[in-house]
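> Give me coordinates for this.
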Amino acid sequence: MAAIKPILTITGSDSTSESGIQADIKTISELGGYAATAITSITVQTTLGIQEIYDLPAEIVREQIEAVMNDMQPDVVKVGMIRTEEVLDVVVDELRRYKPRHIIFDPIIRSSRGDALMTDHMLNCIVDKLMPLVTQVVSLDAVRYHGMKNRYASALAVFLNNGDGTDEARKKAREFVDSQTVRDNNLGSRANELYMDFLNVVTEHVGKKNDVQFYAEKLNVSTRYLAQVTRRIANKSPKMIIDGKLVKKIELLLKTTDRNVQEIAYECGFSSQAHLANYFKKLRGVSPTGYRKKY
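Residues are numbered from 1 along each chain as shown. Down below sits the predicted model:
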C-alpha cells in the first residue's frame, strides 16, 4: 500500500485550537490524513478573542517549509494566515520552487471573534503575489455554518490529497462540514460562569478590596483575561464593575446610616474623607454630603 502523502498547512497558531494550525491538524487527522506544518504567527488567545500576535521571522517560515518540502514532498498545501509581506514573499517563493499540485488558500482576514488579522495593504499584496499560484480559494459562501470555514478548507485538502476531483472534493468537504455539530461555537469557555463568580466576589469584598488584581487572583485568572470576560459580557472593564458596586455601597451607607463621611470612608477602604469625597464626586457628580442631603 502506498504511503499517504502529508498535507502541508502554512498558517498561524491558535491557543484554543478553534482555528489555525491546531484545527488543521485535528480535521486532517480526523479524516485520515497526515498534517505537516509551517507556522507563520503565534497568537495568544482565548475563546473570547486574540490578546497578542507574534509574527515569526520570514526566514524561520522559509526553513519550516523547506524542511517539509524536501523531506515529505506534499502535493497539497493549505495556506492561511499571513500577516507580513516578508513572510508572504517567502511563501510565494517556496510554492513557486516546489510547485505542489494543489494550493488551497483560506483567507484569514478576521478571527472568528471579529479581530482584524490582516491590513488592506497585505490583502492587496496577497492578491497580487499569492493568488496567481492558488488553485482553490475558500470563501464563506462555500460553508453553511459560520466559523466552519477552516474545517471546510482542511477537509477539501484531504479529499484532493486522496485523489478526488475538484467537484467531488468540494462536495465531500461540504458534507463533512454539514455533519459537524455546533461544538466549535460552544467550546468549554468558562466566561459566563467566571463573570458571575466575579460579581459575587466583588459583592462580598468590595469596600475591603477594590483593586482588580485582588479579584483576578481570587478567581485564579489573569487580569487581562478577566478584562476580556467583562468586556465581552457586560461591555465594562473590571474596574468599572468594582466602582459601580462600591459607589452603590457608599450610597446605601449615606442613605441608611448615621455614620459620618470619614467613618464611611474608612469602612469602604479609602485612606481619608477627602479621598472618598473626590472619588464619589467624580462618579456621581455630587459630594457625599450633598448626596446625603438629597435623601
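
> Tell me if residue 9 really is in a helix.
No - counting by DSSP: H, G, I helix; E, B strand; the rest coil, one finds residue 9 to be strand, located in no helix.

> residues in contact with it?
21, 24-25, 28, 35-38, 77-80, 154, 157 (CB atoms under 8 Å, 6 or more residues apart in numbering). Glycine gets a C-beta too; all of them are placed from N, C-alpha and C.

> helices or strands next to the helix or strand encompassing residue 63 in the packing?
Using DSSP states H and E, residue 63 sits in helix 58-72. Applying 3 or more CB pairs under 8 Å, 6 or more residues apart in numbering; DSSP states H and E, one finds that helix 58-72 contacts strand 7-11, strand 35-39, helix 85-98.

> Filter the contacts of residue 9 down to just the ones in helices.
Among the contacts of residue 9, the members found in helices (DSSP state H) are 21, 24, 25, 28, 154, 157.

> ok, the closest residue to residue 106 other than its chain neighbours to residue 283 distance?
Distance criterion CB to CB, 6 or more residues apart in numbering; nearest residue to residue 106, sequence neighbours excluded, is residue 153 at 4.0 Å. Using CB to CB, to the nearest Å, one gets 49 Å for the distance from residue 153 to residue 283.

> ditto for residue 98
Counting by CB to CB, the gap from residue 98 to residue 283 is 62 Å.

> same thing with residue 79?
51 Å.

> Show me which of these two is the more surrounded one.
residue 79 (26 against 14; other CB atoms under 10 Å).

> hey, what's the more buried one bridged with?
Residue 79 has these beta-bridge partners by DSSP bridges: residue 10, residue 105.

> so who does it touch?
By CB under 8 Å, 6+ apart, the residues touching residue 79 are 9, 10, 11, 91, 103, 104, 105, 106, 130, 134.

> Domain map for the chain?
The chain breaks down by automatic domain parsing into domains covering 7-185, 191-294.

> Please identify the most buried of these.
Each of the domains of the chain was scored by mean neighbour count; the highest is domain 7-185, a mean of 18, by mean count of other CB atoms under 10 Å.

> looking only at pLDDT, what's the mean for that domain?
Mean pLDDT, computed over domain 7-185, is 89.

> re earlier: I'd like to know which of the contacts of residue 79 is nearest to residue 219.
Lowest distance from residue 219 to the contacts of residue 79 (CB to CB) belongs to residue 11, with 32.8 Å.

> Where does pLDDT dip in the stretch 151-295 of the chain?
Low-confidence segments of the stretch 151-295 of the chain (pLDDT under 70): 181-189.

> which stretches of it form helices?
Counting by DSSP state H, counting those that start in this stretch, the stretch 151-295 of the chain has helices at residues 166-179, 191-205, 212-219, 223-234, 238-256, 261-267, 273-284, 288-294.

> Look up how far residue 164 lies from the closest residue to residue 68 other than its chain neighbours.
Closest residue to residue 68 apart from its sequence neighbours, by CB to CB, 6+ apart: residue 36 at 4.5 Å. Distance of residue 36 to residue 164, given as CB to CB: 20 Å.

> again with residue 284
Residue 284 is 67 Å from residue 164, by CB to CB.

> What is the nearest of the ones in helices among the contacts of residue 9 to residue 264?
residue 21 (55.0 Å).

> hang on, the closest one packs against residue 39?
Yes - between residue 21 and residue 39 there is a contact at 5.8 Å, judged by CB atoms under 8 Å.

> which residue is nearest the centroid of the chain?
residue 49 (2.9 Å; CA atoms, centre = their mean).

> Correct me if wrong: it contacts residue 228.
Yes - using CB under 8 Å, residue 49 is in contact with residue 228, at 6.3 Å.
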